[in-house]
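In: Sequence first, then the predicted structure, then my questions.
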Amino acid sequence: MMEYREVALESMLLDPLNPRHDPVESQREAIAVLLEPKSAAQLLRLATHIAQYGPSPIELALVVPEGKLFVVVEGNRRVAAMKLLKNPSLADRSKIKDTIYDLSKRATAIDYVACMVSDSREEARRWIELRHNGNQQGVGVVGWSPEMQVRFTGIYSGQRGRALRLADALEVAYADDTELLDLLQSVKSTKLTTLGRLISDPNFRSGAGLEIGKHEIRSHFSPAAMRSFWHRLLTDLATTLTVSSLKSKDQRADYLGTLEAARPSEEKRRQSSTPFAEGADEADGPDEDEAQEGASPADTQEDAPAKRTRQTQRPRPMRLFYGLQLKNSSAKARDILREAQRIDLALFPNAAAVLIRVLLELVVGEAIERYQKTSVGEGLRERINACLAELDPSNKADKYLAVRR
């Protein structure tokens with residue numbers, strides 16, 4: 001039977017049988033082995049973090065009674081760091097002793113530690129195994145994928161961040177392309193870093209017609225024109241392409257060369273870039289005028305069947321906030337927008353209605369904070385009007401007419 005208890009730090013013993021090192025005989029040996037060069041730097045970083053923020057409230061030490069004392073069977077590094085901060089002389093024979101002494105002067109002394117007390121090592125063993133032996137098919141600790149890490153931190157500027165932004169743009173541009181979306185999901189799960197390395201190369205971005213700005217991804221080709229290119233790239237990433245095969249600039253250039261057959265011709269390159277998903281509802285075919293030039297007389301007779309236009313070939317999908325981008329909103333708002341844009345309005349009208357309200361509340365709330373409108377009430381209409389007053393003080397701009405109504 002386990003119970004929660006706050007245990008005095010002085011009554012906690014480091015585990016002489018700690019699996020991190022060979023068995024030891026004394027407490028001084030137990031802390032000395034954690035202060036060896038191979039592990040001292042990591043222990044110092046942990047002590048620095050504890051000195052600044054305190055011990056983690058979501059990770060309790062696990063202890064077993066030994067007389068009037070308690071042996072730490074899980075959390076030895078954390079407890080060792082706290083002991084060093086309280087008694088820096090324990091680090092006297094270590095290379096990090098000076099830093100530990102300095103930290104101890106600035107840190108708040110920790111006298112009691114939040115613990116779970118187990119009756120025996122046997123009882124504690126099950127939980128220790130769950131903590132350290134991998135995810136065990138979901139029973140243990142399941143680590144975050146690179147995609148999850150980026151979404152949590154909201155940092156989209158690094159290689160993985162840029163890759164995730166591109167992946168999100170691809171999902172919007174090819175929202176109805178099941179084959180491409182399946183490949184994309186595989187890449188997001190296992191090869192996000194590899195994709196990030198590739199698109200961080202300016203020569204690759206130029207060849208792919210990509211422009212990756214701080215808030216927006218733009219393209220010199222339409223999604224329809226680039227479909228084969230992205231399909232080939234995502235297939236390679238999902239199968240054989242690895243980060244080690246793209247380490248050097250020459251390797252990336254060679255790989256770009258293998259995509260040449262799938263890349264659209266330069267005639268299809270737009271002179272000016274446009275938002276990545278713009279034109280996603282257009283087919284990759286000739287314009288109506290171009291098609292008419294090559295048509296036979298029979299094709300143009302009044303009693304001939306009406307020629308299918310690009311719009312009838314591929315109707316614009318019924319998507320929420322289609323083509324909208326939130327350049328000045330938080331990462332959380334942009335994530336919600338990307339998810340909302342994937343919803344098929346014809347299938348999920350009620351869910352779409354809820355998301356509209358959620359996104360409006362979030363974006364307007366952020367604007368209220370930005371404009372420091374502390375006296376504004378909680379009603380959405382009142383808050384929207386307060387934002388409009390900042391955007392259009394004259395109350396005359398036509399582009400806000402629909403909102404003012």
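Out: That came through fine. Model, not experiment: these values are computed from the prediction.

In: So, low pLDDT: which residues of the stretch 201-350 of the chain?
Out: Flagging of the stretch 201-350 of the chain using pLDDT under 70 yields the residue ranges 279-318, 322-323.

In: which residue ranges form the helices in it?
Out: Applying DSSP state H, counting those that start in this stretch to the stretch 201-350 of the chain gives helices spanning 202-207, 223-239, 249-258, 288-293, 310-313, 331-340, 349-370.

In: Spit out the contact partners of Leu234.
Out: By Cβ atoms under 8 Å, 6 or more residues apart in numbering, Leu234 lies in contact with Leu180, Leu183, Leu184, Ser186, Val187. Yep, even glycine has a C-beta here, placed from its N, CA and C like the rest.

In: follow-up on the earlier one: to Arg5, which of the helices of the stretch 201-350 of the chain lies closest?
Out: helix 331-340 (37.5 Å; Cβ to Cβ).

In: before we move on, back to that, tabulate the helices of the stretch 201-350 of the chain (JSON lines), appending distance to Gly158.
Out: Converted to JSON lines, the helices of the stretch 201-350 of the chain look like this (distance: least, Cβ to Cβ, whole Å):
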{"stretch": "helix 202-207", "distance to Gly158": "15"}
{"stretch": "helix 223-239", "distance to Gly158": "18"}
{"stretch": "helix 249-258", "distance to Gly158": "17"}
{"stretch": "helix 288-293", "distance to Gly158": "43"}
{"stretch": "helix 310-313", "distance to Gly158": "38"}
{"stretch": "helix 331-340", "distance to Gly158": "13"}
{"stretch": "helix 349-370", "distance to Gly158": "24"}
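
In: Return the most buried member of the ones you listed.
Out: Among the helices of the stretch 201-350 of the chain, helix 223-239 has the highest mean neighbour count (mean count of other Cβ atoms under 10 Å), at a mean of 19.

In: In CSV, list the C-alpha atoms belonging to that helix.
Out: C-alpha atoms of helix 223-239 as CSV (Å, rounded to 0.1, in the frame of the first residue of the first chain):
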residue,chain,number,x,y,z
PRO,A,223,-1.0,23.2,-55.5
ALA,A,224,-2.3,21.4,-58.6
ALA,A,225,0.9,21.9,-60.4
MET,A,226,3.0,20.7,-57.5
ARG,A,227,1.0,17.7,-56.6
SER,A,228,3.4,15.2,-58.2
PHE,A,229,6.4,16.9,-56.7
TRP,A,230,5.0,16.6,-53.1
HIS,A,231,3.8,13.1,-53.7
ARG,A,232,7.2,12.0,-54.8
LEU,A,233,9.0,13.8,-51.9
LEU,A,234,6.6,12.5,-49.2
THR,A,235,6.8,9.0,-50.6
ASP,A,236,10.6,9.1,-50.4
LEU,A,237,10.5,10.5,-46.9
ALA,A,238,8.1,7.8,-45.8
THR,A,239,10.2,5.0,-47.2
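
In: what's the offset of stretch 68-88 from the middle of its chain?
Out: Centroid separation for stretch 68-88 versus its chain: 34 Å, with Cα atoms, centre = their mean, to the nearest Å.

In: Likewise for stretch 125-133?
Out: On Cα atoms, centre = their mean, the centre of stretch 125-133 falls 28 Å from the chain's centre.
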